[in-house]
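Peer 1: let's see this in three dimensions:
(2 chains)
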There are 2 protein chains.
Amino acid sequence: MRRWNGWGDDQFNLELPDGGRQFLQERIGKAAPLSDTSLEAACAQVPASRLPQHPDVVTSAEDRVRHARGQSLADWLAMRSGDFGVFPDGVAYPESSQDVETLLRYAEEHGISVIPYGGGTSVAGHINPVNSESAVLTVDMGRMNRLIDLDRESQIATFGAGTPGPLVESQLRALGYTLGHFPQSFELSTIGGWVASRSSGQQSLRYGRIEQLFAGGRIETLKGTLDIPTIPASSAGPDIREMILGSEGRIGLITEVKVRVTPLPAHESFHVVFFPDWDKARTACRQLVQNRTQLSMLRLSNATETETQLALAGHPALIGMLESYLSLRGSKDGKCMMTFGITGSKRQCNNALKETRAICSEYDGIYTGKKLGDKWAAKRFTMPYLREALWQLGYAVDTLETATDWDNVDNLLNRIEENLRNRLNEKKESVHVFTHLSHFYTQGCSIYTTYVFRVADSYDETLARWKTLKDSTSAVIVNNRGTISHQHGVGKDHAPFLPVEKGELGMLAIGSLCRTFDPAGLLNPKTLVE
Amino acid sequence: MRRWNGWGDDQFNLELPDGGRQFLQERIGKAAPLSDTSLEAACAQVPASRLPQHPDVVTSAEDRVRHARGQSLADWLAMRSGDFGVFPDGVAYPESSQDVETLLRYAEEHGISVIPYGGGTSVAGHINPVNSESAVLTVDMGRMNRLIDLDRESQIATFGAGTPGPLVESQLRALGYTLGHFPQSFELSTIGGWVASRSSGQQSLRYGRIEQLFAGGRIETLKGTLDIPTIPASSAGPDIREMILGSEGRIGLITEVKVRVTPLPAHESFHVVFFPDWDKARTACRQLVQNRTQLSMLRLSNATETETQLALAGHPALIGMLESYLSLRGSKDGKCMMTFGITGSKRQCNNALKETRAICSEYDGIYTGKKLGDKWAAKRFTMPYLREALWQLGYAVDTLETATDWDNVDNLLNRIEENLRNRLNEKKESVHVFTHLSHFYTQGCSIYTTYVFRVADSYDETLARWKTLKDSTSAVIVNNRGTISHQHGVGKDHAPFLPVEKGELGMLAIGSLCRTFDPAGLLNPKTLVE
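Peer 2: Now for the predicted structure:
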């Protein structure tokens, strides 16, 4: 069953390998876990619902607890401590666009706030209700989880917006197709959520971001139904698709999503190259993408992430052999691991592999074959479970991400890492920080930083540590030409930082768009914009 | 010097080859040209300007005549007959964003309508002033035509918005780069115009549409300056870039454009394949793009376009040899010509050529090498001059274009051609109609139809013939799942058809966006939306 207070399936636990704990202890010290509250205790706190009765609305305490929070570290601390603050007043589980329409009419009539809920995987507070005088209804889209139509000639699939990643892929795979959208949250996040929050997947180099995959669909708004037709490309004025992408529930509830799909590839493999230093590694990656080499996935870990990953990888024999081999080839401390994927026809894959190896060689990259790449692919969606393992040891882990132009990548990366690493100095706490680049574009790339710190001896102090780290680094990002988010969205946590990026007139445009569809501000209040 | 009443440079004339005239006579009959008015006569009609004096505003009759119309067939008829209807009251030639800001303040103060003018190449009425009580100022961006900055690492170039195609490419080429954006209007159209009207170029398969190339920039609005930062990709809410793309001057005046550029390719070549019939040809093209073969350009002419192009191509020896060769290989009437381009490293080009030939062979394509491809490349920007040659013979020529999903391509193409071919039957006039597909996407492609008809014995009747053809076919397009424009934009001519495509709520969103930035409706009124 789904964990009510953390990530994923509660039958599945990822063990931290031997040596992993010691690795962290050496860097940030021994830790002691905080104790978790129980689901029963959490339910006991849920106040009476303020919602007028409706046959489609459930007001049970457990439904409301399970829809109160996402997966940010602040959400974890709330769920683990039991200090939720606010709960939705009820949850609805619509089964059709008509059901959603009915719920919107009910909400409008009674002045109820509406929060659309996909997989509940937001790490930026998208689905958290806020304290207000209005009652709050969370609309869980999970029952609209079917492949409705597949047009093989145009390669367009239509899905219910609540379809989670595994059901998107399994329903397509049965017919010989893939969407190819694999965010880290794949196991739980939904296709509607991907559109609403402008998601990006691990193989975006081949398949594109959700912006490129989203071909049209149906959105229920307070002004009526918005049907976006599928047209491959158009010069007919501003693109309505682009107003829905990233609208985070403020314009309407996405109920059907049409996406561009691809026949299952004939070949796919993942490979690993090690570079002697960061400069060569980063330059090789830039050259690869600017050369338009047909890769499907590319990820470059900096030296600390490489070291951390090898320490936590959990296959010591393989790693030992690898370290010996790399050392023989002259690789030293400071090496950086690049993982890449190739996907397509045999000819395309052969060609991409040749091009990649040639470019990597120019920058002294040591190609190590597919073993580590296979490991990456096998574990690609299990990393969020590591958070649970670390939590049990008393370590809090969170990630921050952005994207910027190539000329600014090192500057921004260094400022982010430095800020995180030193921010708790006053409290005499160390933070273990490491970064990878992914989602490469000719113009720049995303920067994805993980930070681990010890929980304090209280939830309040742990939350204070996180808030200090998160907010100060968010400011570093937007003040240094980074986007406040490349793939997590804005939600409520990033909203205060958005105006720096969009500017006064950009915010005016977004705000006006939301008000046009929702003058009373009933839809997902405080998310994205005030 | 630039022709005041038609396309391009008046020193350059494209002769219709021997046989071309006969080819048209056989299909739609002998024609007699209408007589053109003179520039002097046109200037003599220009009424007094209603603009309050401003040092940066020119009110000479010739400036106003030269900025009154674009390049639609209706515009041609107005310029050739001298029946302009409305002229702008004056023209400004700003040299900086500050100049534009000053002009906007002047316009706001005096309630003046403002029309941004790039290359004046619109074929949809974007830059035509409309009859109104407000005075009209046309702002010609032509003096802001410099490459301002090139960031080689991030591959971003900054241009003044009035830079025309040839100056975009020559300034980049001097530094070893290309933008790779080659619309048919390349010779005259500007980078700011491309953004404002969501343009697409002939090599969009490699370089992308202007949506993919436009990285950010500066827009002067009545609410202040909108600066869009360059970020490679972001999930931080709706993308402001996408609100400017296709805004057609309704939100503000684009003054600086930042674009994603590419180092000049090591190799580039263009090739031609003939297919025995349309079905095989279309399917081969779909397979090529869905296979993600790295082509830079792809164009498929239907049988009538193939026949017309070979008749009008003007190199009879080559065509004769080709026809003999094709006939030897079994090709008959009904053959369809496919032109493709490959661009990139030697390995990429070799690979793309192999993949393309393999797929074409599966559909009985006969590869004929580079000769005809080279001809296409050499003449790629001269086709608009053919319009002048045909006009002198008494033939009017116009184009219509759309895009749709693969499953609908034949349906829509046939309806468009059938409507055009038969629409003047009542008037006992024939229309010569032919089509190519271009701008290919995995989901579908654009459909580009050319139609030629005889001018009538009056301008009024000629305009009536055109209006019948244009409006009825525009309705066919939007009522059959096509976009009202894949690459020409909306302007005033397509505006009545836009609501079918965008729907009531889509129009609400666009209208509200325009009003947010321009509550008084001063900017390019009647363009895009009412």
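Peer 1: residues making contact with the helix or strand harbouring A:Ala215?
Peer 2: Counting by DSSP states H and E, the element that carries A:Ala215 is strand A:214-221. For strand A:214-221, the external contacting residues (C-beta atoms under 8 Å, 6 or more residues apart in numbering or on different chains) are A:97, A:100-101, A:104, A:156, A:158, A:161, A:195, A:225-231, A:241, A:244-245, A:251-260, A:517-518, B:443, B:505. Using the backbone N, CA and C atoms, a C-beta is placed for each residue, glycine as well.
Peer 1: how about the residues of the stretch 401-530 of chain A by chain B?
Peer 2: With C-beta under 8 Å from any C-beta of the partner chain as the criterion, the stretch 401-530 of chain A comes near chain B at residues A:403-408, A:439, A:441-446, A:481-490, A:494, A:498, A:501-506, A:508-510, A:512-513, A:516-517, A:528-529.
Peer 1: of those, buried ones?
Peer 2: Taking 16 or more other C-beta atoms under 10 Å in any protein chain shown as the criterion, what is buried in those is A:403-408, A:439, A:441-446, A:481-490, A:494, A:498, A:501-503, A:505-506, A:508-510, A:512-513, A:516-517, A:528-529.
Peer 1: tell me which element A:Thr306 falls in.
Peer 2: helix A:303-312.
Peer 1: next structured bit after that helix?
Peer 2: Stepping forward along the backbone from helix A:303-312, the first helix or strand reached (DSSP H and E) is helix A:316-328.
Peer 1: can you check what angle separates that following helix from helix A:303-312?
Peer 2: Between the axes of helix A:316-328 and helix A:303-312, defined by axes from the mean of the first three to the mean of the last three C-alpha atoms, to 10 degrees, the angle is 140 degrees.
Peer 1: where along the stretch 51-200 of chain A do the strands fall?
Peer 2: Along the stretch 51-200 of chain A, the segments classed as strands by DSSP state E, counting those that start in this stretch run A:57-58, A:90-92, A:113-117, A:136-140, A:147-151, A:156-160, A:177-178.
Peer 1: partner strands of the first one and their direction?
Peer 2: Paired strands of strand A:57-58, with direction, are strand A:90-92 (antiparallel) (DSSP bridges).
Peer 1: for A:Leu172, give me its contacts.
Peer 2: For A:Leu172, the residues meeting the contact criterion (C-beta under 8 Å, 6+ apart) are A:147, A:150, A:157, A:178-179, A:261.
Peer 1: oh sorry, the question was meant for A:Trp391
Peer 2: By C-beta under 8 Å, 6+ apart, the contact list for A:Trp391 reads A:6, A:33, A:76, A:80, A:397, A:455.
Peer 1: which SS state does the first one fall under?
Peer 2: What DSSP: H, G, I helix; E, B strand; the rest coil gives for A:Gly6 is coil.
Peer 1: do the fifth one as well
Peer 2: The local conformation at A:Val397, judged by three-state DSSP, is strand.
Peer 1: if we ignore the residues flanking it in sequence, what's nearest A:Arg50?
Peer 2: Of all residues beyond its chain neighbours, the one nearest A:Arg50 is A:Ala135 (3.8 Å), with distances taken as C-beta to C-beta, 6 or more residues apart in numbering or on different chains.
Peer 1: pLDDT score assigned to that neighbour?
Peer 2: For A:Ala135, the model assigns a pLDDT of 98.
Peer 1: quick one: it from chain B, how far?
Peer 2: From A:Ala135 across to chain B, the span is 26 Å (C-beta to the nearest C-beta, to the nearest Å).
Peer 1: same deal with A:Ala358?
Peer 2: Taking C-beta to the nearest C-beta, one finds A:Ala358 at 9 Å from chain B.
Peer 1: same check on A:Asp140?
Peer 2: If you measure A:Asp140 against chain B using C-beta to the nearest C-beta, the figure is 22 Å.
Peer 1: one more: A:Asp89?
Peer 2: A:Asp89 sits 27 Å away from chain B, going by C-beta to the nearest C-beta.
Peer 1: kindly report the same for A:Asn302.
Peer 2: According to C-beta to the nearest C-beta, A:Asn302 stands 19 Å off from chain B.
Peer 1: and that residue, how many neighbours?
Peer 2: A:Asn302 is flanked by 23 other residues according to other C-beta atoms under 10 Å in any protein chain shown.
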